[in-house]
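Asks: just a sequence and a predicted model for now, questions to come.
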Amino acid sequence: MTIPLARSVRQLAPRLFGGRRGFQSPQSYRFHGTFPLHVSNAPISIVGHYESERNGNFKRSWAANSHQAHLRAFSASSTTQDISSIGVKTTKRKPGKPLLAPTFTPELKYHPNPMEWDPNVIHFMSLGGCGQIGMNMCVYGYGGRMIIVDAGKQISLQQYGIDQILPDIHCIPWDKVDALFLTHGHEDHIGALMALCGEITVPVYATSFTIGLTNAKIAEGRSRPLNTGARSSTPRLDWHTVDPTVNGRIDIGPWQVDFVPMTHSIPESNALLIKAGGQAVFHTGDWKLDDEPLIEAPIDRPLLTRIGDEGVLAVVGDSTNATEEGHSQSEGALRTSMVELFKTINNERDVGSIIVTCFASNIARLETIAVAAKAIDRSVCVVGRSLESSLLIALANGYLKNETEHDRILDGVVYLDVIEKQKQVVICTGCQGESLSALVKAANEGHAQLKLEKGDVVIYSSSEIPGNEDAIAAVNKLLNNKGVHVIQNDTTGTGSYANRKYFTHVSGHPKRDELRELYRMLRPRCVLAVHGEDHHQKAHSEIAQSCGAHFTAAPKNGEIYQVKSTGVDLYATFMPSYIVSDGVGYRTVTDAELQEYVAEPQGVAGAIAALVSITVDANRVLTQTPMVSLQKLSKTDVNIASLEEKLTAHLESVMASPGVAACTDTEDLQLYLMDSLATFHAEAVDVEVVSYVHVLSS
């Protein structure tokens, strides 16, 4: 079945950019721990010191996020309410130590002041991305002025109720900042802008695809700007579009910055050649040496060699894969593997849908899946908001234009029901086990269109981001219980696919041989290894030394370095702080406070994830028994089977209660159920329970 791409895009666009869907994301209220409440058998009371700080802001911040129905009886002067009259989200934390305040107040520790720095020396500091994966944000200083490179967010710690971790930009003297430069569009490099867009007024330089991704995420209302506490749907950044092939050089203040095209797992990834005072620093961004990236030009080795010939004082570089020997494989090699894998699957008996989950911004991967699907005469549907958005942005920027190969990339919400399963290839979100992704909803039988059945095959065309292993394992357990075959990269599959390992993903970061080759081309005198955990940075530094770098360093967040021809000197250190959010409010925490919060067991006997799927009719009456799946996230003696039975009975009782009739829509019902679950867990078990609720209308 072939349907023109233009038709599918027209079907898709209104759903992406219109209606309330984009501005009522359940991410705002999926986690417990957002109220600092003590729960007893009957009443709840607000922790006193937080009540005095909040005053009326408590009610306003929640009212802005569609919680009015649960707060009608609440006022700042009332410290006790009956638990049946308002919804509660809670978690078993140390008494008096709530996760977040619902309003943001920056706690400034120290202002790095470029006016106090040597005006004739380039300074470098990292506000995020060192000693960790994610939250990349670097600052360069020279002549009393600054530029910022990237503004990313930390990988979410969903199991701890943390939705976002951002670098605290309030330590930056913004009146001394000339511009912000974005190397590419991955969220660990742009993710902070969704919350910081109202705070940043300096020019922002990026390529068209990166700007499109950032604007789309801001427009989706995924984050609250820090200065208002309310959701924003309008980008407020001073964008300047850069095309490295036409106008890749920016002269601003004492800086000359050139965008240098690199290859990565996303279109338009660039390094930055930063010059000031006659010295050059090569900031790599994320990169690999890919000779067959498929949708863009191969890595330009002659250009990198010319840059080295002109002289590079220092490289500030990606350390992610510095512990891995060899050379990363190309997207072209992966395409060959995926086509063969699709043919193998298609030749099996009783095969249903082929479902591929991957990172939404990997446009070359979307094209590869479309090519592989065409090879077995199947149609491709995309399911998941971020995938839909990335597809439209890619099309708008000239990618995926080959109608012959890609006229079957369709909107899954529209077409999944009309294409037989044996003719489907579904690309969906959920490769990291995200609770609200299409794959997780489908695994819990909570997705309206994507139905998983025995004989279907799920392919992970992705790697596991550290910290997401348990979430992915929980999803795979649900899939295996359904008889769905699971294939992950470089692991043996399940069921009929258990006899061999499969090649389904390639990294976008350089391995050790690529680092060596880059340093042979650039020949830097100094290297600062960033973008990775401590052992990645150390391994990167060792490679740089072996390649002839005279001076190396593995910076920590908050360290300020002077980069000189005589070496890399640690000039000063300050204690960086981070902005953390649970999707409702923000506060600043030090690194030590954050580590203490996420440390186990932290007064908790264990942790459990509860995945709940409810199916109701138009009158919000249950049409089938609630689907409940519990997964241990840490060691606990809780009897999972017994707790699942009790939780199912509790949900059936709640659905028969008068409170359900007061819910105005599906989202309101979801909130009501999550509040009820928080109460149930607080009374039934002595562990932390993170609940994810999906409500499906039959």
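Replies: Received it, and whenever you're ready, just let me know what you need.

Asks: after the strand or helix carrying residue 217 comes which helix or strand?
Replies: In this assignment (DSSP states H and E), residue 217 forms part of helix 208-219. Later in the chain than helix 208-219, the nearest helix or strand by DSSP H and E is strand 238-241.

Asks: count the neighbours of the nearest residue to residue 655 once chain neighbours are set aside for me.
Replies: Nearest non-adjacent residue to residue 655, counting by CB to CB, 6 or more residues apart in numbering: residue 622, 5.0 Å away. No exception for glycine: its C-beta is placed from N, CA and C like everyone else's. For residue 622, the tally of surrounding residues (other CB atoms under 10 Å) stands at 16.

Asks: does residue 570 sit in a helix, a strand or a coil?
Replies: When classified by DSSP: H, G, I helix; E, B strand; the rest coil, residue 570 comes out as strand.

Asks: helix or strand next in line after the top helix by length along the chain, which one?
Replies: When the chain is parsed with DSSP state H, its longest helix is helix 666-684. Next along the chain after helix 666-684, taking DSSP H and E as the criterion, comes strand 688-697.

Asks: within its sheet, name the partner strands of that following strand and how each one runs.
Replies: Looking at strand 688-697 with DSSP bridges, its partner strands are strand 607-616 (parallel).

Asks: parallel or antiparallel, which strands does the helix or strand just after the partner strand pair with?
Replies: For strand 607-616, the following helix or strand on the C-terminal side (DSSP H and E) is strand 627-632. Strands adjacent to strand 627-632 in the sheet, as given by DSSP bridges, are strand 607-616 (antiparallel).

Asks: circling back: might you report the residue contacts of the residue nearest to residue 655?
Replies: Applying CB atoms under 8 Å, 6 or more residues apart in numbering, we find residue 622 in contact with 614-616, 652, 655.

Asks: for residue 422, state which of the residues you listed is nearest.
Replies: Of all the contacts of residue 622, residue 615 has the smallest distance to residue 422: 26.0 Å, by CB to CB.

Asks: can you count the residues close to that closest one?
Replies: 17.

Asks: picking that back up, what's the angle from the longest helix of the chain to strand 688-697?
Replies: 150 degrees (axes from the mean of the first three to the mean of the last three CA atoms, to 10 degrees).

Asks: for helix 666-684, name the packing helices and strands.
Replies: Counting contacts by 3 or more CB pairs under 8 Å, 6 or more residues apart in numbering; DSSP states H and E, helix 666-684 packs against strand 37-39, helix 68-71, strand 607-616, helix 640-655, helix 658-661, strand 688-697.

Asks: now these in a markdown table, with mean pLDDT and distance to residue 488?
Replies: Shown next, in a markdown table, are the helices and strands packed on helix 666-684 (pLDDT from 0 to 100; distance: least, CB to CB, whole Å):
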| stretch | mean pLDDT | distance to residue 488 |
| --- | --- | --- |
| strand 37-39 | 22 | 40 |
| helix 68-71 | 22 | 40 |
| strand 607-616 | 80 | 20 |
| helix 640-655 | 86 | 24 |
| helix 658-661 | 85 | 40 |
| strand 688-697 | 77 | 22 |
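
Asks: now for these, which one comes closest to residue 674?
Replies: Nearest of these (CB to CB): strand 688-697, 5.2 Å.

Asks: what about residue 578, how many neighbours?
Replies: Residue 578 has 22 neighbours, counted by other CB under 10 Å.

Asks: if you could redo that for residue 662, that was the one I meant.
Replies: 12.

Asks: same question, residue 535
Replies: Residues lying near residue 535 (other CB under 10 Å) number 13.

Asks: can you check the one 3 residues further on too?
Replies: When neighbours are defined as other CB under 10 Å, residue 538 has 16 of them.

Asks: my guess is it meets residue 553, correct?
Replies: No - between residue 538 and residue 553 there is no contact under CB atoms under 8 Å: 10.7 Å.

Asks: between those two, which contacts overlap?
Replies: residue 529.

Asks: buried residues in the longest helix of the chain?
Replies: Across helix 666-684, burial judged by 16 or more other CB atoms under 10 Å covers 666-682.

Asks: doesn't residue 118 belong to a strand?
Replies: No - Residue 118 is assigned coil when assessed by three-state DSSP, not a strand.

Asks: for the closest residue to it other than its chain neighbours, what is the enclosing helix or strand?
Replies: Once flanking residues are discounted, residue 118 sits nearest to residue 562: 6.7 Å by CB to CB, 6+ apart. Using DSSP H and E, the element containing residue 562 is strand 559-564.

Asks: gap between stretch 616-625 and the chain center?
Replies: The chain centroid and the centroid of stretch 616-625 are separated by 33 Å under CA atoms, centre = their mean, to the nearest Å.

Asks: quote the end-to-end distance of that stretch.
Replies: One end of stretch 616-625 to the other measures 10 Å (CA to CA, to the nearest Å).

Asks: pull out the buried positions in that stretch.
Replies: Quick answer for stretch 616-625 (16+ other CB under 10 Å): 616, 620, 622.

Asks: read off the pLDDT value for the last one.
Replies: As predicted, residue 622 sits at a pLDDT of 88.

Asks: and the strand holding residue 562, what does it pack onto?
Replies: strand 122-128, strand 526-530, strand 567-573.

Asks: quick one: average pLDDT of that strand?
Replies: The pLDDT scores in strand 559-564 average 93.

Asks: and stretch 137-156, average pLDDT?
Replies: Rounded mean pLDDT across stretch 137-156 is 91.

Asks: over to stretch 488-507?
Replies: On average, stretch 488-507 scores 80.

Asks: and stretch 440-453, by the same measure?
Replies: 90.

Asks: list of residues touching it?
Replies: 352-353, 355, 383, 412-413, 416-417, 421, 426, 428, 430, 433-434, 438-439, 458, 475, 478-479, 482-484, 611-615, 627, 629, 692, 694-697.
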